[in-house]
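> Sequence isn't available, so here's the structure alone:
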């Protein structure tokens, strides 16, 4: 018996465009589309005001607000995420894995208490959004990191995020100093308490820096991309996944420079007598698709195994405009995926399966309901 | 009359492979192949020993060696560059634009005097090599930078490099701190004395960091690529080339992450109300081809105008092994260029013309002799 896939493959790209194929498959398979990288970047003003007051309170303790003083209603939260919901509808994505604004984490600001208070509030808000709109948002948490503060300090909030809030992961900041890189590399034992807890809870971490406090690094244009690249190289140099074979990490923004320099990384690993990257890292390291043009996405899919690529758009995020070359939003990354000539099986991995596996989504209320 | 190019174009890619076309054109046009990014990474041991003694002298001044104590013979220099000459022959490149070992600049070590002594010695050695083998090497200099030290301090050595040694450019380190990024961004007036002198001398700078003193950044796998990316984003944020319309800068290693995230950079520039990148930066900013796999090079040529791409391999450099997937050295980047389906005109730009224009090579003895 000849499968539908074989017949379609036989028709070839010229007989049936990639888009038409994908449309046919989508009808056929009721494809779930999970956007694995969304941040709450449209917070109510009162929330941002609270943070400003908290920062002001570092210099003038009389201005320090209490966490209890922050009042945000459910209606305000529903209103705040309307841009995300509109994009979900317009772009045909079903659900976002949603975390607090990455640049807002601001781990370099204040001290451990500052980060603890702020992270709790940020995570509570994400939790409430996931409860109000469980069809649209699955939560990922922010850790209360601070430069030079033992990462053990994050364990309590990490546990709350997963056990109490049902979050499916956290963002781990490899540089809490905000662009000065003062803490040890991610492969250092310094970070092991976090990896131990992530492994125990069986949730992944997205490696994601926050705002840059260093004028050399624009946040979304330099610090993010540089950090993604540095993190991957740290993993090459180390042997972290020998110690944590079940740990999964997602490197956002397409892995920074990594796919573009895939030959360099394969070569460096080889020069260092490390195993091939597939064996050394790719059972544990995944990349999202926050790459904002077709040529970048095409190249990424040429070199990175499809099992390691997780669909994401980072919306509403780094780049908000419309690309005059395509007429679409730069960050409408699903359009680039749609133009790839992926098999139905590979397409399902990228849009749904890989996220389900890496984030362990099948235990969530969302997936149990979808079946 | 139908040109040779039109006839060949008419034959199409299927009738005549890209490689065969290139070979035909190469015979036809006596294509010069200029490798614009080579470092002297095979220095005589006595040279590296001098540097170690200089570093030891920072703690124990009795060990400080005098520059005059370094004795390297012409034969030792000829012997030292044999690996480069062999690669030039094997790979079909004619000449290398050659500078001191980038990771060896070590601007974070010692003080301004340390950097001044070391840079002078490094540049002298490059000068001697260009005199001994003028057919094979064109010089580029190292600047005596130090973290926090006014870049004016570099002017004397920059003038010596260009006026006395006939060098065609210099390497400018955007982070003399070695991975802690303590100096201002490249668009800051802090750096203007260097740009004024570069403009006056009409030579470009390659933006190139040195070794990383920060365990978070592997030198060639993270610090270099992160710095390339950060530098480009700094240029987007600033308006440097309004002040220095004739200044040319080369961002090495394919521009770091820039081509892969070309959509992000176009989008960020647009969000910031900057002109399109072609207008804002691409009259002044160029990228080399030190990207060590075919898919990366292919993508780069899809998005970056061919006028902005300068052939280079960085040999003998970052990655020294052979790619098991291709059977060739990772850094044999000419093989990737050969596989592009470039027109003869575009191929000439990438391999020769862009370097001649950006580095002003036509004034060199090398080009005058070639005619």
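In hand now; what should we look at? Keep in mind the model is a prediction, meaning the values are calculated, not measured. Residues are numbered from 1 along each chain as shown, chains lettered A, B, ... in the order given.

> mean confidence for the helix of greatest length in chain A?
Counting by DSSP state H, the longest helix found in chain A is helix A:112-132. For helix A:112-132, mean pLDDT rounds to 98.

> Could you list every helix and strand that that helix packs against?
Judged by 3 or more C-beta pairs under 8 Å, 6 or more residues apart in numbering or on different chains; DSSP states H and E, helix A:112-132 is in contact with strand A:34-40, helix A:45-59, helix A:74-80, strand A:95-100, strand A:137-139, strand A:141-142, helix A:155-159. Where C-beta positions appear, they are placed from N, C-alpha and C, glycine not excepted.

> List the contacts of stretch A:160-172.
For stretch A:160-172, the external contacting residues (C-beta atoms under 8 Å, 6 or more residues apart in numbering or on different chains) are A:97, A:99-100, A:102, A:105, A:120, A:123, A:126-127, A:130, A:138-143, A:145, A:158, A:186, A:191, A:194, A:198, A:201, A:203-208, A:249-250, A:359-361, A:364-365.

> let's go with 7 Å and repeat that
Residues from elsewhere that reach stretch A:160-172 (C-beta atoms under 7 Å, 6 or more residues apart in numbering or on different chains): A:97, A:99, A:102, A:123, A:127, A:138-143, A:158, A:194, A:201, A:203-208, A:359-361, A:364.

> Next: stretch A:191-207.
A:140, A:151-152, A:154-155, A:158-159, A:162, A:168-172, A:174, A:231, A:244, A:246-252, A:358-360.

> In stretch A:320-340, which residues are buried?
Using 16 or more other C-beta atoms under 10 Å in any protein chain shown as the test for burial, stretch A:320-340 gives A:320, A:323, A:329-338, A:340.

> Equivalent analysis for stretch A:81-91, please.
Buried-residue list, stretch A:81-91, by 16+ other C-beta under 10 Å: A:81, A:84, A:87-88, A:91.

> Can you lay out those as TSV showing distance to residue B:224 and secondary structure?
Below are the buried residues of stretch A:81-91 laid out as TSV (distance: C-beta to C-beta, whole Å; DSSP: H, G, I helix; E, B strand; the rest coil):
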residue	distance to residue B:224	secondary structure
A:81	40	coil
A:84	37	helix
A:87	36	helix
A:88	39	helix
A:91	36	helix
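
> Now render these as a markdown table, adding distance to residue B:269 and pLDDT.
Listed next are the buried residues of stretch A:81-91 as a markdown table, based on distance: C-beta to C-beta, whole Å; pLDDT from 0 to 100:
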| residue | distance to residue B:269 | pLDDT |
| --- | --- | --- |
| A:81 | 28 | 97 |
| A:84 | 25 | 95 |
| A:87 | 22 | 95 |
| A:88 | 27 | 95 |
| A:91 | 23 | 95 |
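
> Just the ones of the contacts of stretch A:191-207 in strands?
Assigned to strands by DSSP state E, the following of those qualify: A:170-172, A:249-251.

> In strands, which of the buried residues of stretch A:320-340 appear?
If you go by DSSP E, the buried residues of stretch A:320-340 have nothing in strands.

> Now the two most distant members of these.
A:320 and A:340 (24.2 Å; C-beta to C-beta).

> just for chain A, where's the confidence low?
The model of chain A has pLDDT under 70 over residues A:1-29, A:371.

> Closest to chain B out of the buried residues of stretch A:320-340?
Chain B has its nearest neighbour among those in residue A:330, at 3.9 Å by C-beta to the nearest C-beta.

> Who are the contact partners of that closest one?
Per C-beta under 7 Å, 6+ apart, neighbours of residue A:330: A:292, A:319, A:321, A:323, B:263, B:267.

> Try it again at 8 Å.
By C-beta under 8 Å, 6+ apart, residue A:330 lies in contact with A:292-293, A:319, A:321-323, B:263-264, B:266-267.

> Quick check: phi and psi at it.
The phi and psi values for residue A:330, taken as degrees, to the nearest 10, are phi -50, psi -40.

> Would you confirm that residue A:313 contacts residue A:332?
Yes - the pair residue A:313 / residue A:332 is scored as a contact, 6.8 Å apart, by C-beta atoms under 8 Å.
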